[in-house]
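> got a predicted structure here, sequence first:
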Amino acid sequence: MTSINFKYRLDDENPKNIWTRFLNTKGQYQYINPKGVALGDKDNIYSILAKRIARNPDEDMVSEINSEGHFEPVIAKDYLNRVRSVAKGMLAIGIKKGTPISIISHTSLDWAITDVAALSIGAVVVPIYETSSTKQISYIFQDSDIEYVFCENSDLVDKCKRTNLLQTDRILNYQKDILNQLISRGEKISDYDLDKKIDQVKSSDL
């Protein structure tokens, strides 16, 4: 196998447990840590996250800024539940394995949940800097065949509309509470159906 020098930390309990991505002779990526333990083909972003959260479901996972401008912790099991609910909403509107989507936003909890939810069902996430020009956004949309975009605010929504490349209902606005709207749309998707979609994503996928 040939190393491409791409390393990941997948084990918070052991900071020295660094995984390295290798390209094997079949042209598939494998992930191996220094002890020689490789991720199986059935492992994916979601399974790694779920195992991590199962160890300490009630500990603080991330923080978000509340209405008073203070950081408020989100515990691990609530974070995972929100990821699952947003993933169901994505399935409900047609985002699935292989669907190219984009996120144009500063780093935020909404950004993180959108990213992990999309990757959990196998969508392809193409992040774009919020400082990008309309011309730059247009190029990336066309080059990546973007089908949906999540925007931080109305100004970025307008910038995406000016590309004339996406239908208006596929330009989604965090300021308009789009994630909670997706959660409502996803209520018709069962846990069983979501888990089937998650299980279709393999470690060798993009």
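Thanks, I have the structure now.
> got the buried residues for the lengthiest helix in the chain?
For the chain, the helix with the greatest residue count under DSSP state H is helix 76-93. Of all the residues in helix 76-93, those buried under the rule 16 or more other Cβ atoms under 10 Å are 76, 79-80, 82-92. Placement of C-beta: from N, CA and C, glycine included.
> how many neighbours does the nearest residue to residue 92 once chain neighbours are set aside have?
Nearest residue to residue 92, sequence neighbours excluded (Cβ to Cβ, 6 or more residues apart in numbering): residue 185, at 4.3 Å. By other Cβ atoms under 10 Å, 17 other residues sit near residue 185.
> gap between residue 185 and residue 41?
31 Å (Cβ to Cβ, to the nearest Å).
> tally of neighbours for residue 47?
17.
> look up how far residue 78 lies from it.
19 Å.
> so the residue nearest to residue 92 touches residue 86, yeah?
No: look at residue 185 against residue 86 with Cβ atoms under 8 Å: they stay out of range, at 9.9 Å.
> OK, contacts around the residue nearest to residue 128 when sequence neighbours are not counted?
Sequence neighbours aside, residue 104 is the residue nearest to residue 128 in space, at 4.6 Å (criterion: Cβ to Cβ, 6+ apart). Residues near residue 104 by Cβ atoms under 8 Å, 6 or more residues apart in numbering: 127-130, 132, 137, 149-152, 156, 160.
> residue 121: which of the residues you listed is nearest?
Residue 121 lies nearest to residue 150 out of the contacts of residue 104, by Cβ to Cβ, at 14.6 Å.
> doesn't that closest one lie inside a strand?
Yes: per DSSP: H, G, I helix; E, B strand; the rest coil, residue 150 lies within a strand segment.
> quick thing: my sequence starts at 337, can you match it?
That works, and once the first residue is 337, the last one we named lands at residue 486.
> look up phi and psi at residue 437.
When read as degrees, to the nearest 10, the backbone of residue 437 gives phi -130, psi 160.
> could I get the contacting residues of it?
Contacts of residue 437 by Cβ under 8 Å, 6+ apart are 431, 454, 459-462, 482-486.
> switch to 10 Å and redo it
Counting by Cβ atoms under 10 Å, 6 or more residues apart in numbering, residue 437 makes contact with 426, 431, 450-451, 454, 459-463, 480, 482-486, 506, 508.
> cool, and residue 411?
Contacts of residue 411 by Cβ under 10 Å, 6+ apart are 389, 392-398, 417.
> neighbours of the residue lying closest to residue 514 once chain neighbours are set aside, just the number please.
Once flanking residues are discounted, residue 514 sits nearest to residue 508: 4.4 Å by Cβ to Cβ, 6+ apart. When neighbours are defined as other Cβ under 10 Å, residue 508 has 21 of them.
> residue 508: what secondary structure?
Residue 508 is classified as strand under three-state DSSP.
> kindly report the same for residue 438.
Assigned with three-state DSSP, residue 438 falls in the strand class.
> wait, it touches residue 485, no?
Yes: using Cβ atoms under 10 Å, residue 438 is in contact with residue 485, at 4.4 Å.
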